[in-house]
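K.L.:
Attaching a predicted model along with its sequence, questions to come.
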There are 2 protein chains.
Amino acid sequence: MTDSTGSRARGAGKRERLTAAAAEVLHRQGVERTTIADIAKAADVPVGNVYYYFKTKDELVQAALSEHAGHLARLVAELEQIPDPRERLKALVAAWISQRDIAARYGCPTGTLAVELDKRDEGGLDVEAGKVLRLLLDWTEGQFRELGLPDAADQAVTFVGAYQGMSLLASALRDPGIMTREGERLTRWLDTLEEDRLEMSR
Amino acid sequence: MTDSTGSRARGAGKRERLTAAAAEVLHRQGVERTTIADIAKAADVPVGNVYYYFKTKDELVQAALSEHAGHLARLVAELEQIPDPRERLKALVAAWISQRDIAARYGCPTGTLAVELDKRDEGGLDVEAGKVLRLLLDWTEGQFRELGLPDAADQAVTFVGAYQGMSLLASALRDPGIMTREGERLTRWLDTLEEDRLEMSR
DNA sequence: GTCTATAGAACGATAGAC
DNA sequence: GTCTATCGTTCTATAGAC
């Protein structure tokens, strides 16, 4: 039987190790400052062997983007178990805050990757980064719609934008407190929204 | 007499042309994907001549950051002529929206530069980028304080964060409409704040 | 499938003529 | 002050032994 890598018996999931290492190192160092050797070293794989699994550096970037999309999908799957959409959104904020130290140092993984890739006009990786952010936006929009908000799409942009903005400022100013304080503000705002819905029932 | 470049008679402000070109090209392409040759070409200066004015590439990045700080200082000086702090903030939002097409393609110049430089841990340019954002945050905080808000610093983080977030999403999704819609939301929010102040007079 | 060695290209920076 | 030519390094990617 062949497995997902197409091989019969691998060392120990080198492709998976390379993908995970790419996601982490590219987030910390950025795409352009990261060499194939950096990723190979983090994955404990000999440099030349990388090209057996990924033909180009861009394929490794794509793999990192897919990894981040996977993380997001698993997080959303967990949140879906919460019955109330308002509580689901508050749990999302809590998840963001729990990652505050890494976000305050290197920013949101998907957001900072998107910033860097958007400055290209070749390769189409910029579009791929946008798709991961779309995933988050669409799910958030669904929650707001379920909460009965008339402009759910705009609210989602405001909500996710607030997260991207606070991550950027927290990392630029090296202040995790920004994540905490803005997270609490978003939570209070979500509570206010709920009250609005009950009172105005629109 | 010597001028600011330390020379007696320059060609035609090559240092200034290089600084302006650095600010523009580094914003569009990012730091790591931009070569000295790219900046020299945009400034119409021979490649080797660049090193007479800037000893390293990092000095060009620093010059670009100073240029962005200068832009911000000039904008703030204009806004200061408006009597009411609420109108000053609304004029700032209007200035952001007027730049929506460039922001929707390449993001906020200072914000995206900060994202890229923050992933370094050498050179101290990350701190310099943070200082430019601090300039904007401090001025904004002053406006909120003048409006009588008790938590002016946090409000400034929320406000500037919203701008950074909407710029990031607009460029990642290639949608200038995000800048327009979020700008209008911020304007409405500023109007609401004013009403709060009058009603609650806190 | 795994790994070494290296080709080939790009870039930052410098030497030195003018 | 200005510019050309190029050095030295670093990186992506490949060739080919095992």
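P.N.:
That came through fine. Numbers count the residues shown, from 1 in each chain, chains lettered A, B, ... in the order given.

K.L.:
C-alpha from now on. contacts and neighbour counts both.
P.N.:
Will do.

K.L.:
how about the helix or strand where A:V50 lies, does it reach DNA strand C?
P.N.:
Take DSSP states H and E as the rule and A:V50 turns out to sit in helix A:50-53. Yes: Helix A:50-53 reaches DNA strand C (C-alpha under 7 Å from any atom of the strand) through A:Y52.

K.L.:
Show residues contacting that helix.
P.N.:
Helix A:50-53 is contacted from outside by A:R15, A:L18, A:I36, A:A40, using C-alpha atoms under 8 Å, 6 or more residues apart in numbering or on different chains.

K.L.:
Point to the helix or strand of chain A where mean pLDDT is at its lowest.
P.N.:
Least confident element among the helices and strands of chain A, by mean pLDDT, DSSP states H and E: helix A:176-200 (a mean of 85).

K.L.:
What residues of that one count as buried?
P.N.:
With burial defined by 16 or more other C-alpha atoms under 10 Å in any protein chain shown, the residues of helix A:176-200 counted as buried are A:176, A:178-184, A:186-187, A:190, A:193-194.

K.L.:
can I get the residues you listed in a markdown table with distance to B:K57?
P.N.:
Below are those laid out as a markdown table (distance: C-alpha to C-alpha, whole Å):
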| residue | distance to B:K57 |
| --- | --- |
| A:P176 | 30 |
| A:I178 | 32 |
| A:M179 | 33 |
| A:T180 | 36 |
| A:R181 | 37 |
| A:E182 | 36 |
| A:G183 | 38 |
| A:E184 | 41 |
| A:L186 | 40 |
| A:T187 | 43 |
| A:L190 | 46 |
| A:L193 | 49 |
| A:E194 | 52 |
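
K.L.:
Out of those, which comes closest to DNA strand C?
P.N.:
Within the buried residues of helix A:176-200, distances to DNA strand C taken as C-alpha to the nearest atom of the strand reach their minimum at A:P176, with 31.9 Å.

K.L.:
For the closest residue to that closest one other than its chain neighbours, grab the count of nearby residues.
P.N.:
Computed as C-alpha to C-alpha, 6 or more residues apart in numbering or on different chains, the closest residue to A:P176 that is not its neighbour in sequence is A:A104, at 5.1 Å. Burial of A:A104 is recorded as 24 neighbouring residues (other C-alpha atoms under 10 Å in any protein chain shown).

K.L.:
same question, A:T34
P.N.:
16.

K.L.:
What's the separation between the nearest residue to it once chain neighbours are set aside and DNA strand C?
P.N.:
Among residues not flanking A:T34 along the chain, A:L26 sits closest, at 6.4 Å (C-alpha to C-alpha, 6+ apart). The span separating A:L26 from DNA strand C equals 19 Å under the rule C-alpha to the nearest atom of the strand, to the nearest Å.

K.L.:
Now do the same contact list for A:L26.
P.N.:
Residues in contact with A:L26, defined by C-alpha under 8 Å, 6+ apart, are A:T34, A:V61, A:A64, A:L113.

K.L.:
Enumerate the residues of chain A near DNA strand D.
P.N.:
With C-alpha under 7 Å from any atom of the strand as the criterion, chain A meets DNA strand D at residues A:E32, A:R33, A:T34, A:T35, A:I36, A:A37, A:G48, A:Y51, A:K55, A:T56, A:K57, A:D58.

K.L.:
Quick check on these: which are buried?
P.N.:
Buried among the residues of chain A next to DNA strand D (16+ other C-alpha under 10 Å): A:T34, A:K57.

K.L.:
residues in contact with the residue most central in space within chain A?
P.N.:
A centroid search over chain A (C-alpha atoms, centre = their mean) returns A:T110, at 4.2 Å, as the residue closest to the centre. Shown in contact with A:T110 (C-alpha under 8 Å, 6+ apart): A:L65, A:H68, A:A129, A:V132, A:L133.

K.L.:
One more: A:D101?
P.N.:
Applying C-alpha under 8 Å, 6+ apart to A:D101 gives the contacts A:P176.

K.L.:
so the closest residue to A:S171 other than its chain neighbours, which of the three states?
P.N.:
Counting by C-alpha to C-alpha, 6+ apart, the nearest residue to A:S171 once its immediate chain neighbours are dropped is A:A104, at 4.1 Å. Of the three states, A:A104 takes helix under DSSP: H, G, I helix; E, B strand; the rest coil.

K.L.:
Could you do A:V45 as well?
P.N.:
Of the three states, A:V45 takes coil according to three-state DSSP.

K.L.:
so how far is A:S167 from the residue nearest to A:P176?
P.N.:
Between A:A104 and A:S167 the distance is 6 Å, computed by C-alpha to C-alpha, to the nearest Å.

K.L.:
Need the overlap of contacts for the two.
P.N.:
In terms of C-alpha under 8 Å, 6+ apart, A:A104 and A:S167 are both contacted by the residues A:M179.

K.L.:
thinking again about what came up before, looking at the residues of chain A next to DNA strand D, which gets the smallest pLDDT?
P.N.:
When it comes to pLDDT, A:G48 is the least confident member of the residues of chain A next to DNA strand D, at 90.

K.L.:
and that residue, what does it touch?
P.N.:
Taking C-alpha under 8 Å, 6+ apart as the criterion, A:G48 is in contact with no other residue.

K.L.:
Next, it: phi, psi?
P.N.:
Recorded main-chain torsions at A:G48 are phi -60, psi -30, according to degrees, to the nearest 10.

K.L.:
near chain B, which residues of chain A?
P.N.:
Taking C-alpha under 8 Å from any C-alpha of the partner chain as the contact definition, chain A meets chain B at A:28-30, A:32-33, A:105-107, A:111-112, A:114-116, A:118-120, A:126-127, A:129-130, A:133-134, A:154, A:157-158, A:160-166, A:168-169, A:171-173, A:178, A:181-182.

K.L.:
Centre of the chain to the host helix or strand of A:L60, how far?
P.N.:
Element membership for A:L60, per DSSP H and E: helix A:57-79. Averaging C-alpha coordinates over helix A:57-79 and over its chain gives two centres that are 7 Å apart (C-alpha atoms, centre = their mean, to the nearest Å).
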